[in-house]
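Trainee: pasting the structure only:
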């Protein structure tokens, strides 16, 4: 795993998404447009709720202190990826695989956690000699700021054979909080719900 850059293939670099064109709506909205806007907002709320349910089924989420070694390693790996990508390095290696590698290496160095789990991770690192071996096995590996202050949300989705349980057990043993069930509403979803409630188009959930 730690020799990927020496074995990487020469593939095209990822292109950045272009900024969508903004359109300003002038004048007062007609009643028909108001109905359309309300229906569209309700659909957005429905789809956002469905998306959160899907996340709970597909993702493992662990909350870590921002100063946790794994959280710091994942954040640093993302920053380093952006820097090296601009320099033409890491061609063909997706960022989530670079971040996954950093997370596993950091977990092995943590004092907490049992030796068996760390040995499983060590064997795994030695066996993965190319990022191509993980292309269809690591689907998501992200570290983002959580709603709680000074907290990092780690989101993971990998295939069963990667022994994710060993990694998660080390995170929990070192202060991580494994979250179960659908995640809470995002800031935008809460704002939209508030607006719909104010105009009588939505009922607050208990």
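Mentor: Nice, thanks for sending it over. Quick caveat: nothing in here was measured; it's all calculated off a predicted structure. Residues are numbered from 1 along each chain as shown.

Trainee: centre of the chain to the helix or strand bottoming out on mean pLDDT in the chain, how far?
Mentor: Counting by mean pLDDT, DSSP states H and E, the chain has its least confident helix or strand at helix 4-7, which shows a mean of 71. Relative to its chain's centre, helix 4-7 lies at 25 Å (C-alpha atoms, centre = their mean, to the nearest Å).

Trainee: and the most centrally placed residue in the chain, what does it touch?
Mentor: Nearest residue to the geometric centre of the chain (C-alpha atoms, centre = their mean): residue 142, 3.3 Å. Listed by C-beta atoms under 8 Å, 6 or more residues apart in numbering, the contact set of residue 142 reads 74, 96, 99, 153, 154, 155. All C-beta spots, glycine's among them, are computed from the backbone N, C-alpha and C.

Trainee: name the element it belongs to?
Mentor: Secondary structure assignment for residue 142, by DSSP states H and E: strand 138-145.

Trainee: in the helix or strand that comes right after that strand, what's buried?
Mentor: Following strand 138-145 in sequence order, the next helix or strand is strand 151-158 (DSSP H and E). By 16 or more other C-beta atoms under 10 Å, the buried positions in strand 151-158 come out as 152, 153, 154, 155, 156, 157, 158.

Trainee: nearest residue to residue 180 in space, please, no chain neighbours.
Mentor: Excluding the flanking residues, the one nearest residue 180 by C-beta to C-beta, 6 or more residues apart in numbering is residue 56, at 7.6 Å.

Trainee: same question, residue 204
Mentor: Nearest to residue 204 is residue 197, by C-beta to C-beta, 6+ apart, at 5.8 Å.

Trainee: assumed the one you found was part of a helix.
Mentor: Yes: assessed with DSSP: H, G, I helix; E, B strand; the rest coil, residue 197 lies in a helix.

Trainee: neighbours of it, how many?
Mentor: Residues contacting residue 197 under the criterion other C-beta atoms under 10 Å number 12.

Trainee: pLDDT score assigned to it?
Mentor: If you check residue 197, the pLDDT there is 88.

Trainee: okay, and the beta partners of the residue nearest to the centre of the chain?
Mentor: In this entry, residue 142 is beta-bridged to residue 155, by DSSP bridges.

Trainee: so that it lines up with my notes, have the first residue be 283 from now on.
Mentor: In the new count, where the first residue is 283, that last one comes out as residue 424.

Trainee: just give me the closest of the contacts of residue 424 to residue 368.
Mentor: residue 381 (17.0 Å; C-beta to C-beta).

Trainee: SS state for that closest one?
Mentor: helix.

Trainee: that one contacts residue 360, correct?
Mentor: Yes: between residue 381 and residue 360 there is a contact at 5.7 Å, judged by C-beta atoms under 8 Å.

Trainee: what residue ranges in the chain are flagged as low confidence?
Mentor: For the chain, applying pLDDT under 70 flags the ranges 289-311, 487-488.

Trainee: one more pass at 50, please.
Mentor: Along the chain, the model assigns pLDDT under 50 to residues 294-295, 488.

Trainee: next SSE downstream of the lengthiest helix in it?
Mentor: As assigned by DSSP state H, the longest helix anywhere in the chain is helix 313-340. With elements assigned by DSSP H and E, the helix or strand that comes after helix 313-340 is strand 342-347.
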